[in-house]
Every structure is written in C-alpha cells, then in structure tokens.
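K.L.:
need coordinates for the following:
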Amino acid sequence: MAEKRKLTLKDIARELNISVSTASRALKSHPDIADETIKMVKEYAEKHHYVPNILAVNFRKNKTYNIGLIVPELVHHFFSTVIAGAIDSAKEKGYNVLVSQSNDLLKDEAHACRTMMASSVDGLLISISNETFEGEHLRTFLEEGKPVVQFDKITDALNTPKVIVDDFDGAYLAVKHLIEQGYKKIAHIRGRTEVKNANERANGYQQALKDFQMEQEADWVKTCFQINEEEGYQFAKVLMESNNPPDAFFCITDLVALGVLKYLKQNDIAVPQQVGVMGFSNWKLAEIVNPGLSSVDQHGYLMGQTAVKLLIDKMEKNNLEEATTVELKTKLVIRNSSLRHAVIS
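P.N.:
Residues are numbered from 1 along each chain as shown. Predicted coordinates for the structure are as follows:
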C-alpha cells in the first residue's frame, strides 16, 4: 500500500480557494484575517490531521531549536545531573538538547564540536576536557554568531558566559570539617595542575590548613591525571605506607575517594576512627558505600538549568558580547566517612 501523503499548506489553500499566506496566517489567528476564515481553515486542518512542517518553519527562521551539550563523560553522576537539568530547562523553552562526550580528550571534543556545528545547533553548552586550554575550536561557534556557555570545567581564554561552583569555598569547608573532627594530618589527592577547578580546590585545601595552623607536608599532596578510582587506591597505598602517613584524605572527586576507601578497607584501617575521607561532587554512590562517603555537593541539576537559561537568553537577544559568570555555592554533605563527632549546626 502506498504511503499516504502528508497534507501541506498548499493543499489547504487549494481546497479552500485561498492563498497559501492566508492559510498560514489563519492557522496563527493573525488579526488581519477574518474570524470566519480562521475558523474555516482551523476546522479543515484539524479534520484532515494537518501537521506543520517544523523543519521548514525553522529553516525559514534560521533556527533549529537544537542546543548542543558536550561533557567529558556521560556515565558520570555529576554530568548526568547537569544533563537532566539542561534538558528539563530547554524543554520548557521549546528547545531540544543534543548530547555528546569528549572522553576528556581534546581531539574528541573538537570532533564533537564539528558534529554539533554540522547539525546546525543554535548554541553550545560545554564542560571542557582536561586537555583544552585555548578553545580555538569553540571560537568557530562565536564566529558563526552562535553563543557558547561554559560550565564546571572552563577556560578563561574564551570570553563566554560561564556557570561554575565555588570550588575554593567547597574545598575550604570540606577541610575545615575534617579539622573540626580532630584530624591533624590531612592529605589532598588533587586534579591536574593545569585545570582551573582542580587548582581552586587545592587552594581551598591549603588555605584551610593555613587558617587553622595545621601541619602541611608537600608529600601529602598527590596529583591525579586520570581522576579515577585506581589512582585513589594507589595514592592511598603510597601515603599510608610512608614514614609519615596522613590521618585524613580530601579527594578531588568521589571516584578518587572510593579508591581511598577501598585501600583502607582492604588493609583493616578503620574509617573514620583512624582515617577520615572526604570526596567532592556527591555522587549517588557516596550514599551507598559503607561507610557513607562525606562529600561536597556541586548542584549539577541547577548548573544545567542555569547554563541553558544563560544560553537561550544569549540566543534570543543575539548578544555575544556580555560574558556573565554565575557562581553557585556548594553544600557539605556529611556522612560516616568523616564523622568522628556529632556535628553541631
């Protein structure tokens, strides 16, 4: 059986003996069109199941109502919550979100950007890879008049709106909590030195130790490159088997902290009695592990919502010049991995 042809505006106009433009304006209830014509066109369209050709309409408007979103990793609790917030916020405004991942590699990020550009997205949201510094591949969007909003991991080399969390304050409060729980030798398993949010967290860690006149050792700071559980495990092993082991760990992410917990558990080191552990990002896994992992909540869902709102505002106002930075406050989520004493609020 031949497929039934889709009804077009031309078909409606021909059947009702009116012009295509009159049919189009009648469907939109244009004030210049008589009420009886509007009623006639809408009734005919409904009776014959007319569906507007959205692609054609968007083409004429030079808009696709698609937003690109690139993250380092899709299977990641924090980024999955960002994506959920972005999709929900975009849907409210009539936009779709096309999602891709960079695998934290510059070449994959550049490829994803080219794909987004080829898909004619109206704008781009991106959390840059650990290998991205200048962001030249992102300038292509700006040159085409398409706004870019960076979130979480950003580069200051690109003058775009940004949505970040107060990484310094989040880290400071996390280390302050460990100090208040009686830990005196606090190690930091940090992120790459060239990544801005990793540096902010490291600075918050150091400032808290300084303000509370705590012991500092250069050997207690270890740098991750893959930011994974295995690195957390290996650094915990190195530090705990050293001549001057720490009694607490503040980790760049929850995943790294899980590696630390794994080492401590395998070696019968009591948490939190002997060693405390604090993560960052508040993954769902942090609730499930035993003991529950204390962490810093980055409010991923809110970040996604905020980034979309900034981007759509840019697109609708066609304003690429203003580069607003929105900074979200973090929240400490205290669980048993760091809780030696009751917390007095």
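
K.L.:
how about the nearest residue to Glu144, chain neighbours excluded?
P.N.:
Nearest residue to Glu144 in three dimensions, chain neighbours excluded: Met117, at 7.3 Å (CB to CB, 6 or more residues apart in numbering). All C-beta atoms are positioned from the backbone trio N, CA, C, and that covers glycine.

K.L.:
show me what contacts the closest residue to Gly292 other than its chain neighbours?
P.N.:
Spatial nearest neighbour of Gly292, excluding adjacent residues (CB to CB, 6+ apart): Arg335 at 3.2 Å. Arg335 makes contact with 286-287, 291-295 under the criterion CB atoms under 8 Å, 6 or more residues apart in numbering.

K.L.:
you'd agree Thr64 is up against Gly123?
P.N.:
No: Thr64 is not in contact with Gly123 according to CB atoms under 8 Å; the separation is 10.2 Å.

K.L.:
circling back to that earlier point, in this structure the residue nearest to Glu144 contacts Thr140, no?
P.N.:
Yes: contact criterion CB under 8 Å: Met117 and Thr140 qualify, at 6.4 Å.

K.L.:
in terms of neighbours, single out the busier of Thr64 and Gly123.
P.N.:
Higher neighbour count among Thr64 and Gly123: Gly123, with 23 against 17, using other CB atoms under 10 Å.

K.L.:
that one bridge partners, please.
P.N.:
Beta-bridge pairing for Gly123 (DSSP bridges): Ile67.

K.L.:
and it, what is it in contact with?
P.N.:
67-68, 141, 146-149, 311-312, 314-315.

K.L.:
cool, and Glu229?
P.N.:
So Glu229 contacts 255-256, 258-259, 262 (CB under 8 Å, 6+ apart).

K.L.:
got it, and Met214?
P.N.:
Residues near Met214 by CB under 8 Å, 6+ apart: 179, 184, 186, 208.

K.L.:
find the nearest non-adjacent residue to the last one, please.
P.N.:
If you skip the residues right next to it in sequence, Ala208 has Val175 as its closest partner in space, 3.7 Å away by CB to CB, 6+ apart.

K.L.:
name the element the one you found belongs to?
P.N.:
helix 167-180 (DSSP states H and E).

K.L.:
contacts made by the helix or strand containing Ile38 with the rest, please.
P.N.:
Ile38 belongs to helix 35-47 when assigned by DSSP H and E. Defining contact as CB under 8 Å, 6+ apart, one finds that helix 35-47 is touched by 7, 12, 15-16, 18, 22-23, 26-27, 29-30, 50.

K.L.:
if we can go back for a sec, now do the phi/psi pair for the residue nearest to Glu144.
P.N.:
phi -60, psi -40 (degrees, to the nearest 10).

K.L.:
let the chain start at 10 from now.
P.N.:
New numbering, starting at 10: the last item is Met126.

K.L.:
tell me the spacing between it and Phe234.
P.N.:
In this view, Met126 and Phe234 are 30 Å apart by CB to CB, to the nearest Å.

K.L.:
now swap in Thr334 and tell me
P.N.:
27 Å.

K.L.:
Thr46 now?
P.N.:
For Thr46, the distance to Phe234 - CB to CB - is 68 Å.

K.L.:
settle it for me: which of those two has more neighbours?
P.N.:
Legend: neighbour count by other CB under 10 Å for Thr46 and Phe234, higher for Thr46 (16 against 9).

K.L.:
per-residue pLDDT of the more buried one, please?
P.N.:
For Thr46, the model assigns a pLDDT of 93.

K.L.:
equivalent analysis for Ala65, please.
P.N.:
Ala65 is given a pLDDT of 54.

K.L.:
before we move on, what about the one 10 residues further on?
P.N.:
Residue-level confidence at Asn75 comes out at 93, pLDDT.

K.L.:
for it, give me its contacts.
P.N.:
Applying CB under 8 Å, 6+ apart, the residues near Asn75 are 104-107, 128-131.

K.L.:
pull the number of nearby residues for the closest residue to Thr334 other than its chain neighbours.
P.N.:
Spatial nearest neighbour of Thr334, chain neighbours left out: Lys171 (4.6 Å); criterion: CB to CB, 6+ apart. For Lys171, the count of nearby residues is 21 (other CB under 10 Å).

K.L.:
which SSE is His197 in?
P.N.:
strand 195-199.

K.L.:
which residues touch that strand?
P.N.:
Counting by CB under 8 Å, 6+ apart, 184, 187-188, 207, 210-211, 214, 218, 223, 229-233, 240-241, 244-245, 248, 255-261, 265, 269 sit against strand 195-199.

K.L.:
what's the first-to-last distance across stretch 246-259?
P.N.:
Using CA to CA, to the nearest Å, the end-to-end distance of stretch 246-259 comes to 15 Å.

K.L.:
if we go by neighbour counts, what in it is buried?
P.N.:
Buried residues in stretch 246-259, counted by 16 or more other CB atoms under 10 Å: 246, 248-249, 254-259.

K.L.:
same check on stretch 50-62?
P.N.:
50, 53-54, 59.
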